[in-house]
Structures are given as C-alpha cells and as structure tokens.
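Undergrad: here is my input; please provide its structure:
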Amino acid sequence: MTPHLSGAGAFACQLAEAEDEVRVLLRSYRHLGPGQDDNFSLFASDTVVNLWERLTAAISGMAIGIVSVFMIVGGIVIMNIMLAVVTERTQEIGIRKSLGARDILNQYLVESSVLAGSGGFAGVCIAWLVAVAVRSFTSVPMALPWSSVVIGVGLAAVVGLFFGIYPAQRAAKLDPIEALRVESRVLRDGSAVIKQQWMPGRRQPTRWPQQKQKEGEAQGSPSDPHVGGGRNLRSAAP
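TA: Alright, predicted model coming up:
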C-alpha cells in the first residue's frame with residue numbers, strides 16, 4: 001500500500017510521474033536507446049523557481065556589495081561635513097567649553113547620526129515611491145515592509161555615528177583658549193577671509209598694514225618712484 005499524500009506532497013508526486021511519462025514519450029519519438037542520454041530538456045515549474053532563486057541570490061549579493069561601497073562613501077562625506085562644521089564653530093566651541101560645557105562629544109555624535117538618519121529616511125521614501133509606481137503601472141508585485149524601513153534608517157544612523165567619532169573627538173579636544181583666539185589670528189594675518197560676520201552697529205575690522213600696502217600698490221602710491229611717477233612729473237610741470 002502506498003501512503004496517502006495530500007497538498008504539496010501529492011502535487012510533487014504527480015509532477016514527477018508526469019515528467020517521467022513525458023520523458024519516455026520524447027525518447028521513443030527521438031528513437032533513443034536505453035543507454036543513450038537525453039538530447040532534450042524538461043522545464044517544469046520547480047525548474048523555473050530554482051532558476052529564479054539563483055538569479056535573485058546573485059542580484060542580492062551584488063546589491064550588498066554596491067550598498068557597502070555606497071555606505072563607506074556616504075560615511076566619508078558625512079565625516080567631511082562634520083569636520084567643516086567643527087571648523088566653522090571653533091569659536092562657539094571655545095565659548096561653551098570656557099563656560100563649563102561637557103557634552104561637546106555627544107552633541108556632534110548626535111548631529112552626525114541625525115544627518116545620516118535623515119538621508120536614510122529620504123532614501124526609504126524614494127524607494128517607497130518607486131515601489132508604488134512599479135506596482136501601479138506594471139504587473140510586478142512590489143512591497144516595502146516595515147522591517148526594511150527600520151533596518152535602512154537604523155543602519156544609516158549607525159554609519160553616521162561611526163564616521164562622526166573623529167570630528168566629535170576633534171571638537172571635544174579643542175583648547176578653549178586657542179579656540180577663542182582663532183578670529184584674532186585670522187585678522188592678524190591680514191587675510192581677506194574673516195571668520196566672524198560683522199553685524200551692523202559693531203566695530204568694523206581694522207585694515208592691517210599688509211592690506212594698506214597692497215591697496216597702495218594697486219592704486220599707485222605717490223611715495224613709490226616707480227608707481228605713479230608719471231603723475232608726479234605732470235604735477236611738477238609748469
């Protein structure tokens with residue numbers, strides 16, 4: 001007696017019997033002997049499913065590699081952004097540390113994590129819109145589970161947290177006295193770049209001797225015998 005099968009087991013047995021019958025008919029039609037190999041192939045539903053599984057596994061492996069590269073590049077970009085933020089806030093960090101602030105490290109770690117998490121959330125929103133568009137205009141079923149949303153945003157935040165450690169440590173290790181001297185050093189060098197924006201009603205930055213000398217050379221100072229000499233001769237002529 002053969003055991004009674006139901007459901008998927010019975011369907012698998014019927015499919016195997018049908019394949020055997022088709023193989024026997026094709027071999028007899030092609031006049032193949034008992035010892036000869038099949039010169040044809042049979043494609044059943046399980047064959048198509050196995051092919052689809054291998055294809056999706058290959059695509060998933062490639063996607064993991066590409067996403068890993070993108071995450072590293074995005075982390076480097078976030079680190080550069082946070083380094084620029086620390087440079088722009090040097091005087092603010094000096095003021096806060098001089099007043100006794102102790103949460104500089106945590107502040108910049110939270111900022112980098114929020115920045116990366118916001119980018120991850122924006123990417124999830126774009127993926128959801130693409131899934132809705134494909135599902136609406138084609139027959140391909142697509143869905144975006146909540147687990148993927150949580151994993152995407154959480155992984156982005158972790159990447160931002162990791163790549164924000166160096167800028168946060170750099171901000172936390174700043175000497176408050178040196179940080180407060182940044183603006184005075186910039187002005188003392190006479191460079192055109194002034195770190196602090198001068199608001200109306202405040203004292204304007206002083207023109208240092210280097211800037212006055214450059215302006216005199218550009219306009220032709222009368223004290224220079226080689227620059228503006230023609231004008232002196234014209235003024236001395238009767």
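
Undergrad: these two touch, right, residue 90 and residue 174?
TA: Yes. Taking contacts as CB atoms under 8 Å, residue 90 lies within contact range of residue 174: 6.8 Å. For glycine as for every other residue, the C-beta is placed from the backbone atoms N, C-alpha and C.

Undergrad: what's the end-to-end length of stretch 38-48?
TA: 20 Å (CA to CA, to the nearest Å).

Undergrad: if you count neighbours, what's buried in it?
TA: When burial is assessed from 16 or more other CB atoms under 10 Å, stretch 38-48 yields no buried residues.

Undergrad: list of residues touching it?
TA: Outside stretch 38-48, the residues that touch it by CB atoms under 8 Å, 6 or more residues apart in numbering are 15, 19, 22-23, 26-27, 30, 32.

Undergrad: run the last query once more with 6 Å
TA: 19, 26 (CB atoms under 6 Å, 6 or more residues apart in numbering).

Undergrad: quickly find the element holding the residue nearest the centre of the chain.
TA: The chain has residue 74 as the residue nearest its centroid, 2.5 Å off, counting by CA atoms, centre = their mean. Per DSSP states H and E, residue 74 falls inside helix 45-88.

Undergrad: ok, back up a step: any idea how far residue 16 is from the residue nearest to the centre of the chain?
TA: Distance of residue 74 to residue 16, given as CB to CB, to the nearest Å: 50 Å.

Undergrad: ok, now residue 102?
TA: Taking CB to CB as the measure, residue 102 falls 72 Å from residue 16.

Undergrad: compare these two and say which one has the larger neighbour count.
TA: Counted by other CB atoms under 10 Å, residue 102 and residue 16 do not tie: residue 16 has more neighbours, with 12 against 9.

Undergrad: which residue ranges form the helices in this structure?
TA: Ranges of helices in the chain, per DSSP state H, are 8-29, 45-88, 90-98, 104-137, 146-163, 165-172, 176-180, 182-188, 209-219, 229-236.

Undergrad: appreciated, that's everything.
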